[in-house]
Each structure stands twice: as C-alpha cells, then as structure tokens.
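*Asks:* A predicted structure for the sequence below; I have some questions about it.
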Amino acid sequence: MNTSKKVAFVMPWHISERGGGAEVQANYLAIELANRGFDVYYICQTNHANKINSFEIINSVNIYWLKPSGRFAWLDQNKYYKPLNAIKPEIVIQRMSSNINYVIGNYCKRNNVIYNWVCTDNLNPYKNFHVKKFKDRFSLKNISLLKYVIFLLNAKVMDYYRNVGMTRINYGFSQNEIQKKGIKSSFGINTYQMITGHPMPLDGFSSKERFSFKTVLWCANFGAHKRPELFIELARRMQHTALNFIMVGGHNNKAYVEHLLIGKPPNLYCTGQLPFEKALSYFDNSSVFINTSSPEGDGFPNTFVQAWLRKTPIITFGFDPDAIIEQNQLGFNVTSLDEAINKMTIILSDYEVYKSISDNAYTYGSKNHSIKIMADNFLKVIENEGIALS
C-alpha cells in the first residue's frame, strides 16, 4: 500500500526497553504498518535520561521518548500532548488502558483524529479497572492505613481519567467474547476482533525433535494472577520423570520471588527476567508449554501464539479464550495438577498423540496468527468504516 498517512501509537513503553504482551503486539503492528508505507510514530516513556524528548528510528518506526511518570501517573499525563501536537497523526492507536486514554481522547476529539483502542486483558472492561487492580495487590495487611487510602484515591483518579477517555474512542477492538461483552456492558462500545500476530519462525525443529526434548516451558511475569506456584508444584510432583522444567520471567519484588522459589525442585530451572528475544528463544527448544494464568487475567496470551508457531502443544489451567485450544485440539485445558500430570504423561509418552497435537498447533497458528493476518484484519476494519488509507 502506498500511503503517507500518519499513525501514532501511544504506549507506556517500547518493548526494546520494557513491557509485556501489549507492547509486543503494538510494536509488531507498528512495524508492519511502516513496512506497508504508513508514516508510523510510537510515543512512549524511557528509562534513559539522555533519550528523553528525542526521536529514534527502530525498524522504520519513529520512536518519541518521554520522561517516565512516577507512582501518581496522572500528575504528568499532559506530557503526551507535546509529541501528539508535533506529529499531528491522522490515526492514533492505543493498546492498553490507563489515564492516558483521557489525553488521547482529548487530542483526537479536538483535532478530528481517529482514536483506535485495543483491549488487552480481561480486567479492561471494568470501569473500576485501576481500583480493582489495586485491591487485588494490596490490603491493610501488607501496607499501612495511610498508604492504603492514598493509593486507593490515586487508583480512583486513574479510573476517572481512563473512563472519560473511553467515551471518546472511535473504534474499539477486543480479543475474546468476555472482553467484547464486558466493554459493551460497561461503556456501550461495540468492538471488533483484534487478532494477535507474530512473525513466522524462520526455521524450527520437527515434531519428532520437539517430542525428544522432554522440556516443559512456562513463560510469564511472576505476578499473582499468573499463578507461578502451580508450575513450581507441577515440577515438584514430576521429579521422578526425565522432564526438564523451565520458568522464564521474574518480578520487581525480589523478596516475593525468593520466597516463591524456596525449596524449588532440582528439575526446575529459573532464568529470571529476560529481554523479549531471549525469552522467545526458549520456545524454540520446548516440548510442551504450560499456562497457569488465572481466567480473569490475560486477554489472549502472546505465549499461545509463540508456542503454536513452533509446533508446541499447550496445557492451560482453566484459561482457554473462546475454547480455542479445546475446539482445535491444540492441547488440553485442565482444572487440577493431577489432570495436568495425566495429560502431560499422555502427550510425552506417545509420539503419535504428540505429533497430532503439534501439527494442529502449527496449522492453526500459521493460518490465524501471522503478523500479515493481524495487520490485514486491523486495516480491513478501518477501511470498512470508510476511513481513507491513501
């Protein structure tokens, strides 16, 4: 497509410095739109003082770096106006939920700019998003009354700005039916499907080679809603097998991680927090991927697609968006450790069973979750809404 239409992504971070699934997907879509001829900008914060208020080009995307916010992010949220006014985008994309919705919504409304918002996790549809996250993480048992009151008020302010901004969205996107229904119920917004996309691996191991690795992978942050303790216990209960268990990820609360890993079994190796590309390399050598995220958490995990595109079956603990894994025979959705052990034993002791699931995973992933398919889907929605792209 030959166009010079300006597109600006507004995000908290760029995946080259920091971030999770939202930053991964925003970056992939930004690069693909740039490759298709769009003039793409990405506005985000940086932890490097020498980069603040500067531009940098990464993979044909113009990155505008901002000073990071403190604990009370709404106090300096107006810093996003400066780059937006300088860039003058015609389309703005935000793949997250925060007080920055307010700034983007104001800018887009004043300047007749299209505001596209993408729901990330299954908490996003709640109007008390920040308050709910706060209460899930803190209580009067772990912080003082004064701090509890101050941080609760901060969360309420964040929700106020976020909810006002949500009223100014032109086009919303969701990743599953739970999000679609929740966003409609809370905000009255009809959403389109947002497909998660990843690059196709340049090469990879055959199903037979993967089957022989006998490596069980877990990859996420160690937040409570990811339930890392389930994977640790799974490894502990399978010490008698020849399986190797690998945990990729970490948490900024080092004491919490140390406590979590007290007495970890010898068949479990923990890498700690890794850069995205390094973390991705562990998928290249895995036999099975385990997901322990709570059903109320993620929207559509990047790790699912990363596994599928590498022919890796998935065992997930109760989290299967729109029943994709079960309906397409991409692995198993289990409800207990006993069931997980049983399914892992079946998969990794019978190659024909493994190959069938492995082949299904690759076929499904490559048909539905490439970056091309993701971008085609997004642009089709925009064009069908009558927005000229060239």
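*Replies:* All right, it came through fine.

*Asks:* Residue 130 against residue 161, yeah?
*Replies:* No - the pair residue 130 / residue 161 is not scored as a contact, 9.4 Å apart, by Cβ atoms under 8 Å. Where you see a C-beta, it was placed from the backbone N, CA and C, and this is true even at glycine.

*Asks:* So between those two, which is more surrounded?
*Replies:* More crowded of residue 130 and residue 161, by other Cβ atoms under 10 Å: residue 130, with 27 against 20.

*Asks:* Next up, the contacts around that one.
*Replies:* Under the criterion of Cβ atoms under 8 Å, 6 or more residues apart in numbering, the neighbours of residue 130 are 98, 155-156, 158-159, 162.

*Asks:* Report the two of these separated the most.
*Replies:* 98 and 156 (13.8 Å; Cβ to Cβ).

*Asks:* if you count what's nearby, which of the two comes out ahead?
*Replies:* A count of neighbours by other Cβ under 10 Å puts residue 98 above the other of residue 98 and residue 156, at 23 against 13.

*Asks:* any idea whether the more buried one is helix, strand or coil?
*Replies:* At residue 98 the chain is in coil, as set by DSSP: H, G, I helix; E, B strand; the rest coil.

*Asks:* Ok, residue 340 next?
*Replies:* helix.

*Asks:* Measure how far stretch 304-313 is from the centre of its chain, please.
*Replies:* 16 Å (Cα atoms, centre = their mean, to the nearest Å).

*Asks:* so where's this structure shaky on pLDDT?
*Replies:* By pLDDT under 70, the weakly predicted segments of the chain are 1-3, 296-297, 386-390.

*Asks:* can you pull out the strands in it?
*Replies:* Assigned by DSSP state E, the strands in the chain fall at 6-10, 39-45, 55-58, 61-66, 91-94, 114-118, 171-174, 191-193, 215-219, 244-248, 268-272, 288-291, 314-317, 331-334.

*Asks:* Would you mind finding the most buried of those strands?
*Replies:* strand 288-291 (a mean of 27; mean count of other Cβ atoms under 10 Å).

*Asks:* Does anything pack onto it? Which helices or strands?
*Replies:* If contacts are counted by 3 or more Cβ pairs under 8 Å, 6 or more residues apart in numbering; DSSP states H and E, strand 288-291 sits against strand 215-219, helix 302-308, strand 314-317, helix 337-349.

*Asks:* What I need now is these written out in JSON lines, including distance to residue 381 for each item.
*Replies:* Formatted as JSON lines, these follow (distance: least, Cβ to Cβ, whole Å):
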{"stretch": "strand 215-219", "distance to residue 381": "30"}
{"stretch": "helix 302-308", "distance to residue 381": "20"}
{"stretch": "strand 314-317", "distance to residue 381": "28"}
{"stretch": "helix 337-349", "distance to residue 381": "37"}
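
*Asks:* Out of the ones you listed, which is closest to residue 46?
*Replies:* Proximity to residue 46 (Cβ to Cβ) singles out helix 302-308 among the helices and strands packed on strand 288-291, at 22.4 Å.

*Asks:* ok, residue 222 touching residue 248?
*Replies:* No - between residue 222 and residue 248 there is no contact under Cβ under 8 Å: 10.4 Å.

*Asks:* Dump the contacts of residue 130 to JSON lines, plus distance to residue 315.
*Replies:* Listed next are those as JSON lines, based on distance: Cβ to Cβ, whole Å:
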{"residue": "98", "distance to residue 315": "33"}
{"residue": "155", "distance to residue 315": "35"}
{"residue": "156", "distance to residue 315": "39"}
{"residue": "158", "distance to residue 315": "36"}
{"residue": "159", "distance to residue 315": "35"}
{"residue": "162", "distance to residue 315": "35"}
